[in-house]
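Peer 1: I need the structure of the sequence given here:
(2 chains)
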Amino acid sequence: MIVFDRKLDVARGRIDLSHGAGGRATTRLAHDIFYPAFANDLLAAGNDQAVFASPAARLAMSTDSYVVSPLFFPGGDIGALAVNGTINDLAMGGAQPLYLSASFIIEEGFPFADLRLIAESMGAAARAAGAMIVTGDTKVVERGKADGVFITTTGVGAVAPEVELSGERARPGDCVILSGGLGEHGVAVMIARQNLGFGAGIASDCAALHELTASMIAVAGPSIRLMRDPTRGGLAATLNEIAQQSQVGFKISEAEIPVKPAVAAVCELLGLDPLNVANEGKLVAIVDPVAAPALIEAMRAHPLGQDAAAIGTVIEDRHRYVQMETKFGGRRIVDWLSGEQLPRIC
Amino acid sequence: MKHVDDYRDGDLARSLARLIADTVLPGRSYAFMEFCGGHTHAISRYGVEDLLPASIRLIHGPGCPVCVLPVGRLAAAIDLARMQPVTLCVYGDLMRVPTARGQSLLTAKADGADVRMVYSPLDAARVAEQNPARETVFFAIGFETTAPATAQTILYAARKGLGNFSVICNHVLTPPAIDAIMATSTDGGPPGLDGFLGPAHVATVTGITPFQSVAARHSKPVVIAGFEPLDVLQAILMLTHQINDGRAVVENQYRRAVTASGNRLAQEATAKVFALRERFDWRGLGVVANGALRLNENYDRFDAEKRFALSTPTMSDNPACACADVLRGARKPAECRLFGTVCTPETPIGSCMVSSEGACAAHWTYGRFRDPADRPRLEPAGAA
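Peer 2: Alright, predicted model coming up:
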């Protein structure tokens, strides 16, 4: 353990260019902020890499960058988002998360106090998921060249031998299950970002979904064709992606899609469609219809799947359209969003 | 959501649909133009056509402010933002509109121009207040609905003595647009047109009076209709009754918001700041006399066109694009040969594909599954 003559002044101090220079200041930053927050021996060993035994025959790996603005929002912050988001990408492949890396690009002048809050949030999220942040990197850029902090996380998880989930496996007749209400993350961030002059008590749904997916696989393992978390672009983008990958269409029912009234109200005011708004704690599962009732029951038994619902079916369609029966009684397409609805949502 | 879900209720929709089906006369067909992009969007998004009998046809009208904006005026604003040290404030749905040079506000912003999206013109005035050493220009678009907010902002700027704030005024007026549509063909407007679903939000400002002369002039019924899908269905029922009874008057379906005389304060603000613009070249409709607004002499110190000596280049649309026909109700979106091939919301060629309220974008986004695979692709009327 390296001992420094003076600790960081976390309460008042700020990042300066020396903290990204690789010298004493960089190491001190890691020791005083990241090591305590992430709290594991692999990281604390202070090597350029973490060395561990391969925990399973099949591994999943995923990476994601986070640039959300603002950094702190109701229901979470960029740190929790960066850990849970990568865990969820692993979980959608049926993996249980094990090890994460975290890279930080920090803007000169960023308060240590905020960085510590973010790091502690990451540590807490990782511990809650039974995973460890075992390696990382810090770079500092001049003021104005970044917006506070950008974080990239990469995760490795273990996949059980019998689990086979993939985007091209949806088949006509399969059931589409959604784990809960749409749009909470995007709307919470939008309200926090814009000076909209109202709050609505809406918090981001930011959460790690690996426990929910584990319980789903336990109940319906081979009957689950694929799972996906509808983040940027929302449910609409996710279903359209799957339609392309599996070369199928979808028929969904608006009446079955859960959306909290407050989220629906804000979307109405801002002209957003909840189907296009980002989620950070929801998943879509495409499953054999025979297994669907038991699977929905199992999902509803988990706190993150309480509002799980069957929202439609996979159909044959050479156009790959996602069609929806509206509550009003008409039909329409649910298309990809054109352009950018809400930039920097995650 | 109280007061929103009520107007989207499926059971009420089915009852209204049955009433409409019972009201249409056997052997007669009906064609109604919904004036506003808000109607077009609601019809497509909720699948209203699925609830109508086959004998009722809806024609999409020109009431989408982004769609009817002449692209030369947008190009002039883009040039201003690129060449001069100004902050250009716009409503978000303008950002992606392409000009004939392939530029948009979005590409100008990416190239370093200071272009900002605002939700309200007052936000633009605040940008000017916060940056007193820099010119801030608001690009104002919209019908009678948004003109009062622009007027109030100019009055605010006058009160505050904001010398660095100005407006490019593109506000347009609804009754002259209906007149222009009816003048597009010698036998009185789009073929078979029986009546109009009149504008909702415009009428909250203007009241229904301005539309009474429109209905009388063209002997077509106008029903002022709200933007919720049940509003649209009810207004269609009211129009059908008028046709069956041989009446052609203005009726107000949107009574919860629209009164006979409208919003006096909004009308006064508009009258105080603006004057009729003698000529304005609407995209799709061409030059419409007295169909738009400009700043009047008392407030022309806030007129960006004068302050920066802006000239509007003439830009013609892609000759294969049928937007002009679509905006006049002479073609359906899917009858344009660019629709869905090179022209999509990601790569819009024509204005109707850019705004989500445009007829082509609404049909592409929500309704294209209705098109037969072998749909006819017609040449635009002007290109033949």
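
Peer 1: so where do the helices sit in the stretch 101-250 of chain A?
Peer 2: A:112-128, A:184-193, A:210-220, A:234-246 (DSSP state H, counting those that start in this stretch).

Peer 1: mind giving me JSON lines with those and columns for mean neighbour count and distance to residue B:193?
Peer 2: Every C-beta, even on glycine, is put in place using the N, C-alpha and C of the backbone. Putting the helices of the stretch 101-250 of chain A into JSON lines (neighbours: other Cβ atoms under 10 Å in any protein chain shown; distance: least, Cβ to Cβ, whole Å) gives the following:
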{"stretch": "helix A:112-128", "mean neighbour count": "21", "distance to residue B:193": "60"}
{"stretch": "helix A:184-193", "mean neighbour count": "25", "distance to residue B:193": "41"}
{"stretch": "helix A:210-220", "mean neighbour count": "21", "distance to residue B:193": "55"}
{"stretch": "helix A:234-246", "mean neighbour count": "22", "distance to residue B:193": "35"}
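
Peer 1: Make CSV from those helices and add mean pLDDT and distance to chain B to it.
Peer 2: Shown next, in CSV, are these (pLDDT from 0 to 100; distance: least, Cβ to the nearest Cβ, whole Å):
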stretch, mean pLDDT, distance to chain B
helix A:112-128, 98, 25
helix A:184-193, 91, 12
helix A:210-220, 97, 28
helix A:234-246, 97, 10
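
Peer 1: contacting residues for residue B:240?
Peer 2: Contacts for residue B:240 (Cβ atoms under 8 Å, 6 or more residues apart in numbering or on different chains) come out as B:20, B:23, B:24, B:30, B:56.

Peer 1: ok, and what's touching the least confident helix or strand in chain B by mean pLDDT?
Peer 2: Within chain B, no helix or strand scores below helix B:323-327, which has a mean of 82 by mean pLDDT, DSSP states H and E. With contacts defined as Cβ under 8 Å, 6+ apart, helix B:323-327 is touched by B:60-62, B:67-68, B:283-285, B:317, B:331-333, B:336, B:350-353, B:359-360, B:380-382.

Peer 1: close to chain A, is stretch B:2-11?
Peer 2: Yes: using Cβ under 8 Å from any Cβ of the partner chain, stretch B:2-11 reaches chain A at B:4, B:8, B:9, B:10.

Peer 1: Okay, strands next: where are they in the stretch 1-150 of chain A?
Peer 2: Here the stretch 1-150 of chain A has its strands, by DSSP state E, counting those that start in this stretch, at A:58-66, A:72-73, A:76-77, A:95-107, A:132-141, A:149-159.

Peer 1: Downstream of the least confident helix or strand of chain B, the next helix or strand is which one?
Peer 2: Scanning forward in sequence from helix B:323-327 by DSSP states H and E, the next helix or strand is helix B:359-362.

Peer 1: Just name whatever secondary elements that following helix is in contact with.
Peer 2: If contacts are counted by 3 or more Cβ pairs under 8 Å, 6 or more residues apart in numbering or on different chains; DSSP states H and E, helix B:359-362 sits against helix B:37-46, helix B:323-327.

Peer 1: let's see it at 10 Å
Peer 2: Packing partners of helix B:359-362 (3 or more Cβ pairs under 10 Å, 6 or more residues apart in numbering or on different chains; DSSP states H and E): helix B:37-46, strand B:56-63, helix B:65-68, helix B:323-327.

Peer 1: anything in the third one near chain A?
Peer 2: No: for helix B:65-68, no contact with chain A is found by Cβ under 10 Å from any Cβ of the partner chain; the gap never falls below 13.3 Å.

Peer 1: how about the next helix or strand along the chain from that helix: buried residues?
Peer 2: Using DSSP H and E, the helix or strand that follows helix B:65-68 in sequence is helix B:71-83. Across helix B:71-83, burial judged by 16 or more other Cβ atoms under 10 Å in any protein chain shown covers B:71, B:72, B:73, B:74, B:75, B:76, B:77, B:78, B:79, B:80, B:81, B:82.

Peer 1: Need the residues you listed in TSV (columns: pLDDT and distance to residue B:270).
Peer 2: As requested, these are arranged in TSV below (pLDDT from 0 to 100; distance: Cβ to Cβ, whole Å):
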residue	pLDDT	distance to residue B:270
B:71	87	25
B:72	91	25
B:73	94	20
B:74	94	23
B:75	94	27
B:76	96	23
B:77	97	22
B:78	96	27
B:79	95	28
B:80	97	25
B:81	97	27
B:82	95	31
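
Peer 1: just for chain A, where's the confidence low?
Peer 2: Low-confidence segments of chain A (pLDDT under 70): A:1-5, A:195-197, A:199, A:339-343.

Peer 1: Next, residue A:323: phi, psi?
Peer 2: Dihedral angles of residue A:323 (phi, psi; degrees, to the nearest 10) stand at phi -100, psi 150.

Peer 1: Bridging across strands, which residues link to the closest residue to it other than its chain neighbours?
Peer 2: Among residues not flanking residue A:323 along the chain, residue A:251 sits closest, at 5.1 Å (Cβ to Cβ, 6 or more residues apart in numbering or on different chains). Note on residue A:251: beta-bridge partners residue A:313, residue A:323, judged by DSSP bridges.

Peer 1: Flag the shaky bits of the stretch 1-150 of chain B, pLDDT-wise.
Peer 2: Short version for the stretch 1-150 of chain B, where the test is pLDDT under 70: B:1.

Peer 1: and it, which of its residues are near chain A?
Peer 2: The stretch 1-150 of chain B comes close to chain A at residues B:1-5, B:7-14, B:17, B:41-52, B:92-93, B:95-96, B:106, B:119, B:123, as judged by Cβ under 10 Å from any Cβ.

Peer 1: sorry, back to before: mind putting the strands of the stretch 1-150 of chain A in JSON lines, distance to chain B and mean neighbour count included?
Peer 2: What follows is these, written out as JSON lines (distance: least, Cβ to the nearest Cβ, whole Å; neighbours: other Cβ atoms under 10 Å in any protein chain shown):
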{"stretch": "strand A:58-66", "distance to chain B": "20", "mean neighbour count": "17"}
{"stretch": "strand A:72-73", "distance to chain B": "20", "mean neighbour count": "18"}
{"stretch": "strand A:76-77", "distance to chain B": "25", "mean neighbour count": "22"}
{"stretch": "strand A:95-107", "distance to chain B": "20", "mean neighbour count": "23"}
{"stretch": "strand A:132-141", "distance to chain B": "19", "mean neighbour count": "20"}
{"stretch": "strand A:149-159", "distance to chain B": "20", "mean neighbour count": "22"}
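
Peer 1: would you list those strands in JSON lines and tack on distance to residue B:364?
Peer 2: Compiled in JSON lines, the strands of the stretch 1-150 of chain A are given as follows (distance: least, Cβ to Cβ, whole Å):
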{"stretch": "strand A:58-66", "distance to residue B:364": "31"}
{"stretch": "strand A:72-73", "distance to residue B:364": "33"}
{"stretch": "strand A:76-77", "distance to residue B:364": "35"}
{"stretch": "strand A:95-107", "distance to residue B:364": "38"}
{"stretch": "strand A:132-141", "distance to residue B:364": "41"}
{"stretch": "strand A:149-159", "distance to residue B:364": "35"}
